[in-house]
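Participant: Make a model of this:
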Amino acid sequence: MSSEKEHSPQHEELLKKKAFEQQEVPEVLTFIQKYAKPATIALVAVCAIVLADQLFKNLRHKKEVRADAALMQARNAQDLQAVLDDYASTPSAPIAMMGLAKEKFNAGQFDEAEALYLKFTKKYAGNELADQAKLNLIACKEAKEQLGEAHLLYGEFAKEHKGSYLEPVAMMGKARCLETLGQFDEAQIAYEDILVNFPESSWSQQAEANLKEILGKKQ
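Facilitator: Have a look, this model is predicted:
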């Protein structure tokens, strides 16, 4: 009787269940030991990357805010140079460089201004002020009395920037160079082009005044 109970179906099922449980526990522990630690490390690494990225963004934002403040407070070439030195990687840097170049130009330091505008066109080629820097670069040549080269460059610039607000500025520069060179017929045509193409602009008024002077010189 006793032997039958030990080998009954219910008893055998119970033994199998116990054996399975005893086998399952080590397998689960092995899985945890094998994968839990790397998973934890990976989670910590991801958290560290996210936190570092957030910290970098916050620091960058603070630096940009300081750069903007320094740019707004800049009063002279030294202040603008300081912005370039201290905040070269911020959006304020290209504006500071343009401002510094203008300061140099107004001070009659045409070579230094030209070098800055040239540097701008190379370093910030995709910047919205790049075309203005290119035009100002030509103005430096005009200021240095390189008029033959300047009037050609102004003409090329005007053709390449049709419809731009800078087109009449370049056309005026071309006409001005031709007038200074004494090429009055060419200068007259250039001024008349401005009158025809930009009749309502302030450049038209200046072109008309210059045209009267040329006509007077030709008489």
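Participant: Run the chain-centre distance for stretch 191-207.
Facilitator: Centroid separation for stretch 191-207 versus its chain: 33 Å, with Cα atoms, centre = their mean, to the nearest Å.
Participant: Could you tell me which residues within stretch 63-78 count as buried?
Facilitator: 67-68, 70-71, 74, 77 (16 or more other Cβ atoms under 10 Å). C-beta here means a position set from N, CA and C on the backbone, and glycine is covered the same way.
Participant: Select, from those residues, the two members most distant in space.
Facilitator: For these, the maximum inter-member distance is 19.0 Å, found between 68 and 77 (Cβ to Cβ).
Participant: which of the buried residues of stretch 63-78 lies closest to residue 113?
Facilitator: residue 77 (10.5 Å).
Participant: what's that closest one in contact with, if anything?
Facilitator: Contact analysis of residue 77 by Cβ atoms under 8 Å, 6 or more residues apart in numbering lists 100, 103-104, 107.
Participant: Switch the buried residues of stretch 63-78 over to JSON lines, and while doing so, append distance to residue 185 to every line.
Facilitator: Putting the buried residues of stretch 63-78 into JSON lines (distance: Cβ to Cβ, whole Å) gives the following:
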{"residue": "67", "distance to residue 185": "50"}
{"residue": "68", "distance to residue 185": "50"}
{"residue": "70", "distance to residue 185": "51"}
{"residue": "71", "distance to residue 185": "46"}
{"residue": "74", "distance to residue 185": "45"}
{"residue": "77", "distance to residue 185": "41"}
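Participant: still on that earlier bit, I'd like to know which of the contacts of residue 77 are buried.
Facilitator: Buried among the contacts of residue 77 by 16+ other Cβ under 10 Å: 100, 103-104.
Participant: who are the neighbours in contact with residue 157?
Facilitator: Neighbour list for residue 157: 134-135, 138, 166, 170 [criterion: Cβ under 8 Å, 6+ apart].
Participant: what mean pLDDT does the helix or strand where it lies have?
Facilitator: Element membership for residue 157, per DSSP states H and E: helix 147-160. Mean pLDDT, computed over helix 147-160, is 97.
Participant: chain center to the helix or strand just after it, what's the gap?
Facilitator: Counting by DSSP H and E, the next helix or strand C-terminal to helix 147-160 is helix 167-180. Distance, stretch centre to chain centre, for helix 167-180: 30 Å (Cα atoms, centre = their mean).
Participant: Show me what helix 167-180 is packed up against.
Facilitator: Judged by 3 or more Cβ pairs under 8 Å, 6 or more residues apart in numbering; DSSP states H and E, helix 167-180 is in contact with helix 130-143, helix 147-160, helix 184-197, helix 202-218.
Participant: number of nearby residues for residue 86?
Facilitator: 15 (other Cβ atoms under 10 Å).
Participant: The residue sitting nearest the centre point of the chain: what's it in contact with?
Facilitator: What sits nearest the mean C-alpha location of the chain, by Cα atoms, centre = their mean, is residue 127, with 4.9 Å. Counting by Cβ under 8 Å, 6+ apart, residue 127 makes contact with 94, 120.
Participant: Kindly reformat the contacts of residue 77 as CSV containing pLDDT.
Facilitator: Shown next, in CSV, are these (pLDDT from 0 to 100):
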residue, pLDDT
100, 92
103, 93
104, 94
107, 95
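Participant: Residue 90: which of these is nearest?
Facilitator: residue 100 (15.0 Å).
Participant: SS state for the closest one?
Facilitator: helix (DSSP: H, G, I helix; E, B strand; the rest coil).
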